[in-house]
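**Student:** 3D model of this:
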Amino acid sequence: MDIACRIEQSLYNLYPFIMRYNLKSDYSTKLRDLLFNLSDPHNPDLRQRLFSGMESVLSLMERCCGARASSTVVGR
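**Tutor:** Below you'll find the predicted structure:
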């Protein structure tokens, strides 16, 4: 299974689409956060760890957004 599918499956497991207040928005927020951090040109280490297998998709999901952000973003 490719990384995108594993990310989507992990997100779905953490935030299932059920009719509860804010779960869908939590899912969307987490997805936007992940996309931002993975596409951030100042954060190549995160992509490298994920694509090399040094970091699992599950650990990526469990970390808070500040722990995934590049040092440039955190320093603002």
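
**Student:** which element, helix or strand, includes the spatially most central residue of the chain?
**Tutor:** With distances taken as Cα atoms, centre = their mean, residue 34 lies nearest the centre of the chain, 3.2 Å away. Following DSSP states H and E, one finds residue 34 within helix 23-39.

**Student:** tell me what the helix or strand encompassing residue 58 is packed against?
**Tutor:** Using DSSP H and E, residue 58 sits within helix 57-62. The contact analysis (3 or more Cβ pairs under 8 Å, 6 or more residues apart in numbering; DSSP states H and E) places helix 57-62 against helix 3-14. Backbone N, C-alpha and C define where each C-beta goes, glycine included.

**Student:** could you list the buried residues of the helix it packs on?
**Tutor:** 6-7, 10-11 (16 or more other Cβ atoms under 10 Å).

**Student:** ok, these vs residue 39, which is closest?
**Tutor:** Closest to residue 39 out of these is residue 7 (12.8 Å), distances taken as Cβ to Cβ.

**Student:** flag the shaky bits of this structure, pLDDT-wise.
**Tutor:** 1, 17-24, 64-76 (pLDDT under 70).

**Student:** ok, the residue nearest to residue 14 when sequence neighbours are not counted - how many residues close by?
**Tutor:** Using Cβ to Cβ, 6 or more residues apart in numbering and skipping residues adjacent in sequence, the residue nearest residue 14 is residue 61, 5.9 Å away. Neighbours of residue 61 under the rule other Cβ atoms under 10 Å: 17.
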